[in-house]
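>>> Give me the fold of what follows.
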Amino acid sequence: MNQLPPPKKHDDSRRTLFREFLPIVFIPLAMKDFGISKSDFRKIQDSTSKHMSFLSLIGSISAFVAGIFFACFGLFGGWQQDKVNVYSWIAAFSLLVGGGACTILLFIVLLFKSESRPLRLISDILFHASLALGALAFFVADLKNGDLNLGDSVSGSIAFLLPLALCQPGYWLEAVLFDILYLGGYASIIAYGSAVYGMHSIEVYAVCAIAFAVASYCTYSAYSYVEFQRFYIDNRNEDLLSKSTHDSLTGARNRNGLRLYLEDRLLPWSHRHERVLAMMLDIDDFKLYNDTFGHLKGDDVLCDIVKAIVGIEGFHHIHVFRYGGEEFLILVSHIDEPTAYACIEAVRVKVESLEIKAPEGAPCKYVTVSLGGSLWQIGEGYLFHNHIEDADEALYEAKKSGKNRWVMRVHNLPEEGNEEVK
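Next comes the predicted model:
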């Protein structure tokens, strides 16, 4: 039998390139590609606004310096007197006053790490308004001076397109509104210049105005795309770290999570001679429960117990780690001896109060746990392995003496070597 020839492969490289480029300039498509929700987008805009504040600060300082330069240039005869008009001074002082005020505001925002969105919004409006007003004033000054051809005199308005395009506000709505206002302002001036002054090269000015609006929006979209990437990578890394440090079933930290937890805590504990309670928890007759009700029900029990322990009120700094199949390690720091006894009893009571039906043949009506506790004062020569081994031995004693009970050991405290069984 003759086989059919394989289908011809079409060259989709252009389509692929276009598809990859489009999200950079089209924010909704970028949000879809990176799985950005509306709430996440608001967070990203806050982050973008903070980053843009640095660019706006540089731009406002530049505008302030340019305003000083133009003002001094005009005051000391740098301008041709027949070229000086009121619009030239409006442009100079717009840059001087607006750039100076915006610089002060942005210094306050950045220096004091202000989270105030209104303050950043005011600085954005002030910065863009001063630059736009200065650019338009230069534009009208050119019209007044008869520099009606772009080739005869490069308008000052064109010189300010770049900082206006680069120093974007952090919020999408503001960026779009600014672009619309800029485009409308330039279109109005172009129409006015053409009608009243017979401006030459009107199409070149119109193209510049449109190009500015497009470049400004594309710049903001590119900034947003970078922030989307950053947000996606950060969340992806956090997700991978969480999966590597937490048990996928119960949500408790696993052995790797315990290792990282101790790397962060052991040195501060040692410096403060912290008292730390380690509790080993084992679910009584859990194999019998699985054999009776099935492993899926057993998984539910594990999850319910972890959730219950984490939700115990009145005790701070409780951390749960899955140590084995039905065995968990509970660490509680910043705790004294009386509170340690209360805490281990609270764990036992909390699990029993869940009233999870125990299988037939179990000594108790409900599912219970046995616990071994070890309270140590961390100091020089402390070994976590010895601490856990001591708690494990206490657990063995608790299970040996019966179910649904605990044994507590206390070490390196004023009354060393205490042990209590309940």
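>>> where do the helices sit along the stretch 251-400 of the chain?
255-272, 286-293, 295-310, 337-353, 384-401 (DSSP state H, counting those that start in this stretch).
>>> whoops, I mixed them up, the stretch 101-250 of the chain
Going by DSSP H, counting those that start in this stretch, the stretch 101-250 of the chain shows helices at 117-145, 156-159, 161-166, 172-192, 202-245.
>>> Adding mean pLDDT, write those out as JSON lines.
Shown next, in JSON lines, are the helices of the stretch 101-250 of the chain (pLDDT from 0 to 100):
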{"stretch": "helix 117-145", "mean pLDDT": "75"}
{"stretch": "helix 156-159", "mean pLDDT": "54"}
{"stretch": "helix 161-166", "mean pLDDT": "57"}
{"stretch": "helix 172-192", "mean pLDDT": "73"}
{"stretch": "helix 202-245", "mean pLDDT": "77"}
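>>> can I get those in TSV with distance to Ile378 and mean neighbour count?
(Glycine included, C-beta is placed from N, CA and C.) TSV is the format used below for the helices of the stretch 101-250 of the chain (distance: least, C-beta to C-beta, whole Å; neighbours: other C-beta atoms under 10 Å):
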stretch	distance to Ile378	mean neighbour count
helix 117-145	44	21
helix 156-159	65	20
helix 161-166	53	19
helix 172-192	51	17
helix 202-245	22	16
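>>> hmm, back to that, now the helices of the stretch 251-400 of the chain as CSV including mean pLDDT, distance to Met280 and mean neighbour count?
Putting the helices of the stretch 251-400 of the chain into CSV (pLDDT from 0 to 100; distance: least, C-beta to C-beta, whole Å; neighbours: other C-beta atoms under 10 Å) gives the following:
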stretch, mean pLDDT, distance to Met280, mean neighbour count
helix 255-272, 90, 13, 14
helix 286-293, 92, 14, 16
helix 295-310, 93, 13, 16
helix 337-353, 94, 10, 18
helix 384-401, 93, 4, 17
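>>> that older thread, nearest to His316, out of the helices of the stretch 101-250 of the chain?
helix 202-245 (21.2 Å; C-beta to C-beta).
>>> Distance from the chain centre to that closest one, please.
Computed by C-alpha atoms, centre = their mean, to the nearest Å, the chain-centroid distance of helix 202-245 equals 16 Å.
>>> now for that helix, which elements pack on it?
helix 13-25, helix 27-34, helix 38-75, helix 161-166, helix 172-192, helix 255-272 (3 or more C-beta pairs under 8 Å, 6 or more residues apart in numbering; DSSP states H and E).
>>> Identify whichever of the helices of the stretch 251-400 of the chain lies nearest to Ser188.
helix 255-272 (60.3 Å).
>>> Outside of the closest one itself, which residues are in contact with it?
244-246, 253, 274, 276, 319, 321, 323, 329, 331, 333, 378-380, 382, 384 (C-beta atoms under 8 Å, 6 or more residues apart in numbering).
>>> And stretch 335-351, by the same measure?
Outside stretch 335-351, the residues within contact range by C-beta under 8 Å, 6+ apart are 275-277, 279, 281, 305, 308-309, 312, 314-315, 317-318, 330, 332, 367-369, 371, 373, 375, 404-406, 408, 410, 413, 415, 418, 420, 422.
>>> The contacts of helix 255-272, buried ones only, as a ChimeraX selection?
The ChimeraX selection below is limited to those of the contacts of helix 255-272 classed as buried (16 or more other C-beta atoms under 10 Å):
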select :245,246,253,274,276,319,321,323,329,331,333,378,382,384
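>>> I'd guessed His411 sits against Gly379; true?
No: applying C-beta atoms under 8 Å as the test, His411 and Gly379 come out as separate, 10.7 Å apart.
>>> Kindly reformat the helices of the stretch 101-250 of the chain as CSV and extend each row with distance to Gly294.
CSV is the format used below for the helices of the stretch 101-250 of the chain (distance: least, C-beta to C-beta, whole Å):
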stretch, distance to Gly294
helix 117-145, 53
helix 156-159, 76
helix 161-166, 63
helix 172-192, 52
helix 202-245, 26
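>>> With Leu106 as the reference, name the closest of the ones you listed.
helix 117-145 (5.2 Å).
>>> Quick one: work out the angle between the closest one and helix 172-192.
If you take axes from the mean of the first three to the mean of the last three C-alpha atoms, to 10 degrees, helix 117-145 sits at 10 degrees to helix 172-192.
>>> count of neighbours near Cys72?
Residues near Cys72, counting by other C-beta atoms under 10 Å, number 11.
>>> what pLDDT does it get?
pLDDT, Cys72: 79.
>>> Could you do the one 5 residues further on as well?
According to the predicted model, the pLDDT of Gly77 comes to 57.
>>> what does Trp406 give?
Taking Trp406 on its own, its pLDDT is 95.
>>> Next: Arg253.
Looking at Arg253, the pLDDT reads 91.
>>> List the beta-bridge partners for the residue nearest to it when sequence neighbours are not counted.
Counting by C-beta to C-beta, 6 or more residues apart in numbering, Arg253 lies nearest to Phe321, which is 4.6 Å off, once chain neighbours are set aside. When bridges are called by DSSP bridges, Phe321 pairs up with Arg253, Leu329.
>>> next one: Ser374
Bridge pairing for Ser374 - DSSP bridges - gives Ala278, Arg409.
>>> Number of residues surrounding it?
25.
>>> Surely it and His411 touch.
Yes: Ser374 is within contact range of His411, at 6.9 Å (criterion: C-beta under 8 Å).
>>> Quickly list what's touching both of the two.
Residues touching both Ser374 and His411 by C-beta under 8 Å, 6+ apart: Asp390.
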